[in-house]
Every structure is written in C-alpha cells, then in structure tokens.
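# dropping a prediction and its sequence here:
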Amino acid sequence: LCIMVEIPAHALLATWLLGSGPGFTVYILVAIPIISLTHIFSLSVKALITGLMGGLFVLANVYAHVVGPMTPLSETANLAFLTFNGTQGALVLIVVLLFYDAAAQSMERDLEQAHDRAERLLRNILPEEIAERLKAAPDVIADEHPDATILFADIVGFTEASARMAPADLVKRLNRVFSAFDELAEKHGVEKIKTIGDAYMAVAGLPTPRPDHARVMVILAQEMLTAVEAINAEGDHEPVRIRIGVNSGPVIAGVIGQSKFAYDLWGAAG
C-alpha cells in the first residue's frame, strides 16, 4: 500500500510543485516492477495497477509541461534533483530485485530440500528401482521372479510381553531390534519389505536378481541372531528371543494401493 499510494502521491506532489524537470515522476515508474513482483495481487490486478501507474506517469509529465511548476527551479537545481532521483530510483529498484532474487533462491533451496526429503522417503518405502519406475509411469507394477529367498523374523512371546510394557518402552524395544536388522539388511544388499507388528520381512534376489540370494539370506539370519544377543547383553530390559524362517522359490512382487502404497510379495516362497 505504501508503494501504491504514498510513493506515487509524493512524486505527484513534488512534480506539481517543482515541475517535471527534477524527475520525481521516476518513482512512479519504480513502483511498477515492485508491484509486479509482489505475490499479494492477482495477475489481473497487477495489470490494472501497472496501467494506472503508467497513466499517472504520462499525465503528470504532460500536466507539468503544459501548466508549469508552482515553484520553478534553476537548471542547476533541476539537473541535481534529476541526477539524485534517477540514481535513487535505480538503487531502490536494484535493492528490491536483489531482495526478490534472494527470496527466489531461498525458495528454490527449500523446494530442493523438500524434493530430497520426498525422494528419501520414497526410497525408504520402495526399492530404488521400483521407485524410479513408479515415478516414470505410475501404472500397475507386478514382476514375476523365478527364484528369490524370503526371510521372516518375529519376536517370541512379544504379544504377552507387550501387555506388561509401557507404550514408549514397547516401541523403543521394537525400534532397537528392527533398526539393527535394517543395518544388516543394507549391509548385505537385502531388500526390507515391511514390518508387521513384531515381525520383520525381507527378501533377497529381487527386484535385482542375484544368484547367491539363499546364501546371503542365511548369513543375514545368523547375524540377526548375533545382533539380538548383543542387544540382550545391554541388560536394560528382559531378554528378547526371535525365531527366523527362510524359504526360497518363485515370487511375484508388486506395488499395491493408490495411497500409502506398499511393495509386497506373493507366491510359494512366502
């Protein structure tokens, strides 16, 4: 509102008093790009205001030329004011443009960070290869894999133990165990599929086939048992016992759901 009203009003008043020679009407022109850059008004309102400002600039100069100034200035004073006002108007415009440029760069960085967070989140939900396919073509993804190995691990007696635990302790214990499993799965290039309550599901041999899927899954299972022993050795809770099942065979893998979609497996191996 200051730009739209006060600055043009002062420019018109100075032009009425001193004429067009000192160049006070330049501030009306400076207001045009500033208004154009603001996000407050719609495009049609910006166009209307720009037209009004342009009309004021022309009318002010025509009026000052025809009627003449109320208080004429010498040529030296006119030149001094014209130089000052032109320089001042240019500086104001440069500062505003620099401000908007900095704001645009900040917004671009925020968008990039948001995009990176979304990418990381997508890759935490889906295998990277599947995530890329889903972004490229959000159609049904269903792949048949003739040979893969699936692992299931669950905590023995966890349902009964959870009845005796505070909610925070329950989640903390599950997170401690499953985070250790996640690190091992990433270490061996095994794809975590999901957790279901106190159960952990992973697969080797898909979406990228590998000939040693059964061997690497057995190694993972052994290291999962070792990890649980290390957690139990911390001694800050009752011991955790897990049971692990491993099976190999043909598998169908795909993405299901339209929202909160999930990468899941079906077949004899599951």
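Yes, it's here.

# can you tell me the SS state at His65?
At His65 the chain is in helix, as set by DSSP: H, G, I helix; E, B strand; the rest coil.

# my guess is it contacts Thr15, does it?
No. With contact defined as Cβ atoms under 8 Å, His65 does not count as touching Thr15 (10.3 Å). (C-beta placed from N, C-alpha, C; glycine too.)

# got a pLDDT number for the residue nearest to the spatial centre of the chain?
Geometric centre of the chain, nearest residue: Ala114, 1.1 Å, by Cα atoms, centre = their mean. The model reports Ala114 with a pLDDT of 86.

# let me know the secondary structure of it.
Going by three-state DSSP: Ala114 is helix.

# next: Tyr200.
strand.

# again with Asp147
Strictly by three-state DSSP, Asp147 counts as strand.

# okay, buried residues for the helix or strand that Asp182 is a member of please.
Asp182 belongs to helix 167-187 when assigned by DSSP states H and E. By 16 or more other Cβ atoms under 10 Å, the buried positions in helix 167-187 come out as 170, 173-174, 176-178, 180-182, 184-185.

# quick one: the helices in the stretch 151-270 of the chain?
Using DSSP state H, counting those that start in this stretch, the helices found in the stretch 151-270 of the chain span residues 158-162, 167-187, 213-233.

# what's the closest of those to Ile244?
Ile244 lies closest, by Cβ to Cβ, to one member of the helices of the stretch 151-270 of the chain: helix 213-233, at 4.7 Å.

# so for Ser42, which of the helices of the stretch 151-270 of the chain sits nearest?
Smallest distance to Ser42 across these (Cβ to Cβ): 47.9 Å, for helix 167-187.

# tell me what angle the closest one forms with helix 213-233.
Helix 167-187 and helix 213-233 meet at an angle of 140 degrees, taking axes from the mean of the first three to the mean of the last three Cα atoms, to 10 degrees as the criterion.

# which residues touch stretch 148-156?
Applying Cβ atoms under 8 Å, 6 or more residues apart in numbering, the external contacts of stretch 148-156 come out as 174, 177, 181, 190, 197-206, 209, 213-214, 216-217, 220-221, 224, 240-251, 265, 269-270.

# please read the previous query as pertaining to stretch 202-215.
Contacts for stretch 202-215 (Cβ under 8 Å, 6+ apart): 127, 129-130, 143, 145, 147-151, 181, 185, 188-193, 216-217, 220, 246, 248, 251, 253, 265.

# 7 Å instead, please
127, 129-130, 143, 145, 147-151, 185, 190-193, 216-217, 248, 251, 253, 265 (Cβ atoms under 7 Å, 6 or more residues apart in numbering).

# in that stretch, what's buried?
202-207, 210, 213-214.

# now do stretch 25-41
Going by neighbour count (16+ other Cβ under 10 Å), the buried part of stretch 25-41 is 25-32, 34-35.

# and it, how far out from the chain middle?
31 Å (Cα atoms, centre = their mean, to the nearest Å).

# show me what contacts the closest residue to Leu56 other than its chain neighbours?
Using Cβ to Cβ, 6 or more residues apart in numbering and skipping residues adjacent in sequence, the residue nearest Leu56 is Ile28, 5.5 Å away. By Cβ under 7 Å, 6+ apart, Ile28 lies in contact with 8, 11, 53, 56-57.

# and if you look at Asp110?
Applying Cβ under 7 Å, 6+ apart, no residues qualify as near Asp110.

# just to be sure, it is in a helix?
Yes. Counting by three-state DSSP, Asp110 is located in a helix.

# please tell me how far it sits from Ala80.
For Asp110, the distance to Ala80 equals 45 Å [Cβ to Cβ, to the nearest Å].

# give me phi/psi at Gly189?
Torsion angles at Gly189 (phi, psi; degrees, to the nearest 10) stand at phi 70, psi 30.

# that one: how many residues sit nearby?
Gly189 has 13 neighbouring residues, counting by other Cβ atoms under 10 Å.
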